[in-house]
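Asks: make a model of this:
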Amino acid sequence: MSINDENITRIHLDNKELILIGTAHVSRKSAEQVKEVIEFEQPDAVCVELDEQRYQSIKDGNKWQETDIFKVIKQKKATLLLMNMVISSFQKRMAKQMGIKPGQEMIQGIESANDTGATLVLADRNIQITFARIWGNLGFKGKAKLLMQIIFSIFSNEKMSEEELEKLKSKDMLDAMLQDFTKSFPRLKKPLIDERDQYLSQKIKEAPGNKIVAVLGAAHVPGIKEEIHKEHDLEKLNKKPSKSKVPKLIGWSIPVLIISIIAYTFYTNPAAGTQQTISWVLWNGSFSAIGTAVALGHPLAILTAFIAAPITSLNPLIAAGWFAGFVQAYFRRPNVKDFETLSEDVSSLKGFWNNKVTRILLIIVLANLGSSLGTAIGGADVLRLFFENL
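Replies: Numbers count the residues shown, from 1 in each chain. Prediction:
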């Protein structure tokens, strides 16, 4: 093993020697290198780019089988869960292509730390805090663009050789990737890369012992080399962004406006008020039902979406998709096999629709999207009828 490998960075800080291993998350060579470096260096501590939540998911491989889908819907985590699956599916597909587990280099870091008696340090920030800070930094257009790019990348059939994966660890390629990244999503780089560089560097510095090995995605190494010489407030970096009151204000003002307009129209022209009500129900109900049907929902789930959407659109605290999802889960409750094949199914578009777990999540998301579209069109039609009858 070459100690001076280009993927290894050595930093001497005070009385500590910090050894950073820049890895590609689905590369077999990265996992092998992690094992070799830790065995050779015999460090006091091994830092891995994981938080407690991802560490537990690695330890509890069958945790999905214990998922209560009704609890997921009640806790309003369906969209987050679906996005987690979508984001991870690309990495899983690439790892499958290479014949290894996704994140094998992190698993190897954990195993090698145990084998050598080194202290294991989970050095990354909680992924939900990172997601919250990412989402909070994007406007509506940014969110839509990000979702479209993620979905496009997940379901593309493009294959990458292991040699190309290894190139991702070269500094020239890395710089080019980060430049493209900041051009597409300038606000996204701060919470996803910069803040995590700061968090990781502080955790690495604070790791016990004089010799520390850190297993990191290659994208973080340049930033950590810079940030490691500064002090960072972990409490501040762990803070969730305060929610803006504007969305809540808009969320309540639209239904109040719609109800007021329909009520006034009923008062002045009952026939026009009836027409407005029918328009609101049909646009909302139809689009939400179509979204549920596209997700191949149970007929009663489709009917539920149609009935619920016109009502839930007038209350920002509830959503049509939740009701449709509950009905779908009741009549098409996922079994153990659905949870066992979940990680495999999310690697293809067909699998997302075939698996009962992801189908429920799709129903919730698409029913809600349909209801939102129906609210926009139905609201516009209510306004049209209002102005025609002034």
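
Asks: quick check: domain ranges of the protein?
Replies: Using automatic domain parsing, the domain parsing of the chain gives 8-67+96-237, 245-388.

Asks: just send these back as a markdown table, with mean neighbour count and mean pLDDT too.
Replies: All C-beta spots, glycine's among them, are computed from the backbone N, C-alpha and C. Shown next, in a markdown table, are the domains of the chain (neighbours: other Cβ atoms under 10 Å; pLDDT from 0 to 100):
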| stretch | mean neighbour count | mean pLDDT |
| --- | --- | --- |
| domain 8-67+96-237 | 17 | 78 |
| domain 245-388 | 19 | 88 |
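
Asks: quick one, strands of the stretch 1-150 of the chain?
Replies: Ranges of strands within the stretch 1-150 of the chain are 8-13, 16-23, 45-48, 119-122, based on DSSP state E, counting those that start in this stretch.

Asks: which other helices and strands contact the last one?
Replies: When you say that, I think you mean strand 119-122. Strand 119-122 sits against strand 45-48, helix 104-116, with contacts defined as 3 or more Cβ pairs under 8 Å, 6 or more residues apart in numbering; DSSP states H and E.

Asks: and that strand, how far from the chain's centre?
Replies: 25 Å (Cα atoms, centre = their mean, to the nearest Å).

Asks: what's the answer for the longest one, then?
Replies: Shown here is strand 16-23, whose average C-alpha point lies 28 Å from the average C-alpha point of the whole chain (Cα atoms, centre = their mean).

Asks: can you check stretch 365-373 too?
Replies: 19 Å.

Asks: can you tell me what sits against it?
Replies: Contacts with stretch 365-373, where a contact means Cβ atoms under 8 Å, 6 or more residues apart in numbering, come from 78-79, 82, 284, 287-292, 294-295, 297, 305, 309, 312-313, 319-321, 324-325.

Asks: can you redo the strands of the stretch 1-150 of the chain as TSV with distance to K29?
Replies: Formatted as TSV, these follow (distance: least, Cβ to Cβ, whole Å):
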stretch	distance to K29
strand 8-13	13
strand 16-23	9
strand 45-48	18
strand 119-122	23
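
Asks: out of the ones you listed, which is closest to I224?
Replies: Of all those, strand 16-23 sits nearest to I224, with 6.4 Å by Cβ to Cβ.

Asks: tell me what angle that closest one forms with helix 104-116.
Replies: 140 degrees (axes from the mean of the first three to the mean of the last three Cα atoms, to 10 degrees).

Asks: and strand 16-23, which strands flank it?
Replies: strand 8-13 (antiparallel), strand 211-217 (parallel) (DSSP bridges).

Asks: could I get the helices and strands packed on strand 119-122 as a markdown table with distance to R359?
Replies: Shown next, in a markdown table, are those (distance: least, Cβ to Cβ, whole Å):
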| stretch | distance to R359 |
| --- | --- |
| strand 45-48 | 34 |
| helix 104-116 | 30 |
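
Asks: show me where the stretch 251-390 of the chain has helices.
Replies: Applying DSSP state H, counting those that start in this stretch to the stretch 251-390 of the chain gives helices spanning 270-294, 299-312, 320-331, 336-340, 342-345, 349-354, 356-388.

Asks: centre of the chain to the longest one, how far?
Replies: Taking Cα atoms, centre = their mean, the mean C-alpha location of helix 356-388 is offset from the chain mean by 23 Å.

Asks: quick check: angle from it to helix 320-331?
Replies: Using the same axes, to 10 degrees: helix 356-388 against helix 320-331 is 140 degrees.

Asks: now distance to E344 too, for the strands paired with strand 16-23, in JSON lines please.
Replies: Below are these laid out as JSON lines (distance: least, Cβ to Cβ, whole Å):
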{"stretch": "strand 8-13", "distance to E344": "34"}
{"stretch": "strand 211-217", "distance to E344": "24"}
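
Asks: do you know which of these lies nearest D233?
Replies: Using Cβ to Cβ, the nearest of the strands paired with strand 16-23 to D233 is strand 8-13, at 18.4 Å.

Asks: circling back to that earlier point, and of the strands paired with strand 16-23, who's closest to V246?
Replies: Once the strands paired with strand 16-23 are compared by Cβ to Cβ, strand 211-217 is nearest, at 34.6 Å.

Asks: report all helices and strands that the very next helix or strand once past the closest one contacts.
Replies: Per DSSP states H and E, strand 211-217 leads on to helix 221-227 as the next helix or strand towards the C-terminus. Helix 221-227 sits against strand 8-13, strand 16-23, helix 171-184, helix 195-206, with contacts defined as 3+ Cβ pairs under 8 Å, 6+ apart.
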